[in-house]
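**Student:** predicted model follows, preceded by the sequence.
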Amino acid sequence: MPETTPRGLTGLAFGGDYNPEQWPEHMWQEDVRLMREAGVTMVSAGIFSWALLEPAPGTYDFGWLDRLLDLLHDNGIRVDLGTPTVVPPAWFYRAHPEALPVTADGVRYEFGSRGAICHSNADYRAAAANITTRLAERYGAHPALALWHVHNEYGVPVSACYCDSCAAHFRRWLATAYGTVDAVNEAWGTAFWGQRYAGFDQINPPRTTPTVGNPAQALDYKRFADATMRENFIAERDILHRLSPGVPVTTNFMTALSQCDSVDYWAWGREVDLVTNDHYLITDGRRTHVNLAMAADLTRSVAGGAPWLLLEHSTSGVNWQPRNPAKAPGQMARNSLAHVARGSEGAMFFQWRQSRRGAEKFHSAMLPHGGTDTRVWREVVELGASVDSLRPVRGTRTEADVAMVWDWHSWWAQNLQWRPSEDHDPRERADTFYEALYDRHLTVDFAHPEADLSPYPLVVVPALYLATEAAGNNLRDYVEHGGTLVVSYFSGIVDEHDAVHEGPCPGALRDVLGLTVEEFSPLLAGERVRLTGPDGGELHGDVWTEFVVPRGADPVWTYADGLTAGRPAVTRHRLGEGTAWYVSTRLGADGLDTVLGGAAEDAGIAPRTDLPRDVEVVRRTGASGTYLFAVNHTASDAKVPLDAHGTELLTGERTAGRLAVPAGAVRVVRLDG
Ligand code: GLA
Ligand code: ZN
């Protein structure tokens, strides 16, 4: 059995992507000396090195990597070794131009960037298996080797290829999934617009069509593209397992919904030995630390609650957004430790030394262009020491309070064309529901719609447009057995083939919600509706309204104006021992908070009025003890109540009663007990 934590690492991982091939070899000594100064325990290497390792077909140059691994090993630095299969060399594409991916419009990408891969291409598959085999044979038992890092960020920058090899592969995939072409016709509803296929050979990828194409075909193509990338991951992983027994294999995910939308991480989480994630702050106007917490919670959930590892984030600004602000003093450490609070076994960065050349020279690094006499470097050294003092948390698990149902397939389906409103964005709903829970100081696990939800007193469902019958039954069971559920509009509408469930909407959820929806009535841009509720309260919705017909549920909030005036807007359904809430319009975080307040009361979750906004409190617990992480994202000093005595790990101070967390700082208390 492969191990599930980086081999040979006794504390948390601290370090980054190390690309020494960008620098003259005499600088490696300085790199390693500075790594030791910063407390680096692990680096990721070789991710983009194929052209150096195999300069011509079948000609290998491992000398530099031998010297590098030995140097790192002599200095006690562990290595997360990449298979470079995200960047086949120029010679490969000269020989196999058809391995370059093709867009839905029929444009073939060129060599000269990275990730230009058709995952169905047989020559690519053979070449990737070969270089992986060579690396595994040579380094599989190297004493520096801690972890194998397959490929890089599957799913970006190319999420699907539409070439002829992919077309053939898609037909085989469909034949396996459906058996007969008639089953495909049935599932895709090809009776519509005369799209019926008489044989698999007539089916193509969903390439550009004059107007909207078949949605079920597009949805299956997302599944196919995801499964095809996973086939290639598994092929490399199995080579590594065979030739490098025991060493864990990972590939770096990008679970943040803003960063990758083409990979079903529920499926991928089951295939890796250790879940690792890359996370970058997106400056889109939302609070970046809330998005970070969400990505970290989602990553932990993909790992089934087990510890995971933050393999990349940035010390300061990135260089691929329209505007890339630097991080404020202290923000890097806050980001890093917030990931650790939510289950990461360390904090790694892209990258160690800032590049002088290439596309990422304006991306921050641990060692900036300015060298060691810089704020970033000083903060890196300080963070290295902090991470070292957190070694006892290794192996402990983050405790969650509530769950959010999330499904990539449902997301894909919801983003298909020709929906009732283009203003409804399922990701926005997930973000806003998360934000409302975050502001109630609740730690969130994410759950697949068919997963066991019984551990959670409260489950929210912000965007489950596609819900299988099994998912519907699962949610009903959960409520009947005492759970509290909150469901957002346009959920439970279609089955796995994007076909509307039989009977009135929302087919998969009408029993549990105790209602039907006669019509959707999205609002025009900028339009708002007023909701009136208990005790004369008022809320506002936008984007979406519905004609809700209660069939067992009680109205709690009612539309006061608009087309749906007088109809229920928010309902509550007592079912078995539990309660199911339904929100039929789009509420902002404040409005949602009001609804969640009622639901939390049903769930028996007391509000945390003792914690200031943006002071994050999360617990990790396990054999070595219970650790309370307090992250102060505000500009004021804060006090966090403690229910036990303890020792603060970053300062070594004893704590009791109330924990002082200075403005912008993080504190981690090991509670006595
Ligand atoms: C991704 C990649 C890295 C680098 C960073 C920059 O996460 O994996 O190679 O490009 O982005 O932010
Ligand atoms: Zn292809």
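**Tutor:** All right, it came through fine. Ligands and ions are numbered 1, 2, ... in the order given.
**Student:** and the pLDDT for Gly285?
**Tutor:** With respect to pLDDT, Gly285 scores 85.
**Student:** secondary structure element for it?
**Tutor:** In this structure, Gly285 sits in neither a helix nor a strand according to DSSP states H and E.
**Student:** next one: Glu518
**Tutor:** Secondary structure from DSSP H and E places Glu518 in strand 515-520.
**Student:** how far does the helix or strand that that strand is followed by sit from the chain's center?
**Tutor:** Using DSSP H and E, the helix or strand that follows strand 515-520 in sequence is strand 528-532. Averaging C-alpha positions (C-alpha atoms, centre = their mean, to the nearest Å) puts strand 528-532 34 Å from its chain's average.
**Student:** same for strand 528-532, what does it pack against?
**Tutor:** Strand 528-532 is packed against strand 538-542, strand 554-559, strand 568-575, with contacts defined by 3 or more C-beta pairs under 8 Å, 6 or more residues apart in numbering; DSSP states H and E. The C-beta positions use only the backbone N, C-alpha and C, and glycine is treated the same way.
**Student:** buried deepest among those strands, which one?
**Tutor:** Comparing those by mean neighbour count (mean count of other C-beta atoms under 10 Å), strand 568-575 ranks first with a mean of 22.
**Student:** buried residues in the helix ranked longest in the chain?
**Tutor:** In the chain, taking DSSP state H as the definition, the longest helix is helix 215-243. For helix 215-243, a neighbour-count test (16 or more other C-beta atoms under 10 Å) marks 215-226, 228-230, 232-233, 236-237, 239-241, 243 as buried.
**Student:** also stretch 623-641?
**Tutor:** Using 16+ other C-beta under 10 Å as the test for burial, stretch 623-641 gives Gly625, Thr626, Tyr627, Leu628, Phe629, Ala630, Val631, Asn632, His633, Ala638, Val640.
**Student:** those residues: which two are farthest apart?
**Tutor:** Taking C-beta to C-beta as the measure, the buried residues of stretch 623-641 reach their widest spread between Gly625 and His633, a distance of 25.4 Å.
**Student:** which SS class is the residue nearest the centre of the chain?
**Tutor:** In the chain, the residue lying closest to the centroid (C-alpha atoms, centre = their mean) is Thr255, at 1.3 Å. On the three-state scheme (DSSP: H, G, I helix; E, B strand; the rest coil), Thr255 is labelled coil.
**Student:** is it in contact with Ala295, as I believe?
**Tutor:** Yes: assessed by C-beta atoms under 8 Å, Thr255 is found in contact with Ala295 at 5.4 Å.
**Student:** list the residues that contact both of the two?
**Tutor:** Residues touching both Thr255 and Ala295 (C-beta atoms under 8 Å, 6 or more residues apart in numbering) are Asn277, His279.
**Student:** the closest residue to Asp388 other than its chain neighbours: neighbour count?
**Tutor:** Distance criterion C-beta to C-beta, 6 or more residues apart in numbering; nearest residue to Asp388, sequence neighbours excluded, is Gly39 at 5.4 Å. Around Gly39 sit 18 other residues, with neighbours defined as other C-beta atoms under 10 Å.
**Student:** how near is Gly39 to ligand 2?
**Tutor:** From Gly39 across to ligand 2, the span is 44 Å (C-beta to the ion, to the nearest Å).
**Student:** next one: Leu587
**Tutor:** In terms of C-beta to the ion, Leu587 sits 43 Å off from ligand 2.
**Student:** just Val156 next, same as before
**Tutor:** According to C-beta to the ion, Val156 stands 16 Å off from ligand 2.
**Student:** ditto for Asp554
**Tutor:** Going from Asp554 to ligand 2 by C-beta to the ion gives 53 Å.
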